[in-house]
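Trainee: return atomic coordinates for the entry below.
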Amino acid sequence: MREAASFDKFSNPREDESMRKSIMLLTLLGVCSALSFAESFQGRIVDATCYDQHQSLTTCDPTSASTSFEIFVANKPYKLDAAGNSKVAEAIKNRADRSSDPTKAPSKQVNAKITGTMDGDNLKVDSVEIQ
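Mentor: Residues are numbered from 1 along each chain as shown. Got it, this is the predicted structure:
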């Protein structure tokens, strides 16, 4: 009767260790490349609802009551996702020039740097920095 073949005698410990390191390196590279797809968008924030109605940047500066936003970069609008709208709303409410009267419209246009990725027609926001 024949015994089942054992592959242990064909295994090389150095090759096993090398394979584990290769797999770890490839996994790390995959994670890093996924993170590198995030882009920076720097431009003017407007109230998306107002802009959809009036098609004017000058009359659609966001207020503390704004709930949906777009960022204009090189005259091209990018709609923000729901999480991005929340992040921008919070950042606008916490602006230093709004602390004395939060119901007052900003004294000037709102510029921001947004980091995120495009997801269809919306910008999936990772971070917001009001400038």
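Trainee: what's the local residue count around residue 73?
Mentor: Residue 73 has 16 neighbouring residues, counting by other CB atoms under 10 Å. To be clear about C-beta, it is placed using only N, CA and C from the backbone, and glycine gets the same treatment.
Trainee: next one: residue 40
Mentor: Residue 40: 12 neighbours (other CB under 10 Å).
Trainee: my guess is it meets residue 117, correct?
Mentor: No: with contact defined as CB atoms under 8 Å, residue 40 does not reach residue 117; the gap is 10.9 Å.
Trainee: now do the strands in the protein.
Mentor: For the chain, strands defined by DSSP state E occupy the ranges 39-47, 69-73, 76-80, 110-119, 122-130.
Trainee: can you tell me which of those is nearest to residue 19?
Mentor: strand 110-119 (32.6 Å; CB to CB).
Trainee: quick check: longest helix of this protein.
Mentor: As assigned by DSSP state H, the longest helix anywhere in the chain is helix 13-35.
Trainee: what's that one packed up against?
Mentor: Applying 3 or more CB pairs under 8 Å, 6 or more residues apart in numbering; DSSP states H and E, we find helix 13-35 packed against no helix or strand.
Trainee: and the residue nearest the centre of the protein?
Mentor: residue 116 (2.2 Å; CA atoms, centre = their mean).
Trainee: I'd like to know how far that one sits from residue 73.
Mentor: To residue 73, residue 116 is 12 Å away according to CB to CB, to the nearest Å.
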